[in-house]
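Q: would you be able to build a 3D model of this:
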Amino acid sequence: MGVIIVREMVGTSPRSWSDAARQAVATAARTVRNIKTVEVVKSTAVVEDGEIVEYRVDLKIGFEYEG
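A: A predicted model of the protein is given here:
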């Protein structure tokens, strides 16, 4: 592995925190190649009427530099 570039993003899901992380990686993978690492920095949720309606994860996604 050479140089790793790290970008931050937020993933969301109505199902779970792990699904929110999967959604973020899947979205990033559409435009970024060679994703090598994912670090969940923070997990939060949106609550309405006493129920969790959206799970959120703040991620750092690392991908290999190709330049």
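Q: mind listing the helices for the chain?
A: Remark: helices assigned in the chain by DSSP state H are 17-29.
Q: quick check: most distant residue from the centroid of it.
A: residue 49 (26.3 Å; C-alpha atoms, centre = their mean).
Q: ok, now how distant is it from residue 26?
A: Separation of residue 49 from residue 26 (C-beta to C-beta, to the nearest Å) stands at 29 Å. (Glycine included, C-beta is placed from N, CA and C.)
Q: for the residue farthest from the centre of the chain, what are phi and psi?
A: Backbone torsions for residue 49, taken as degrees, to the nearest 10, come to phi 50, psi 40.
Q: start the count at 20, not 1, going forward
A: Will do, 20 is the new start, and the previous item becomes residue 68.
Q: would you map the strands across the protein?
A: Per DSSP state E, the chain carries strands over the ranges 23-32, 54-67, 70-83.
Q: TSV for those strands, including mean neighbour count, distance to residue 39 and mean pLDDT?
A: Output for these, formatted as TSV (neighbours: other C-beta atoms under 10 Å; distance: least, C-beta to C-beta, whole Å; pLDDT from 0 to 100):
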stretch	mean neighbour count	distance to residue 39	mean pLDDT
strand 23-32	14	4	97
strand 54-67	12	8	97
strand 70-83	16	5	97
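Q: in CSV, list those strands along with distance to residue 38.
A: Putting the strands of the chain into CSV (distance: least, C-beta to C-beta, whole Å) gives the following:
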stretch, distance to residue 38
strand 23-32, 4
strand 54-67, 12
strand 70-83, 7
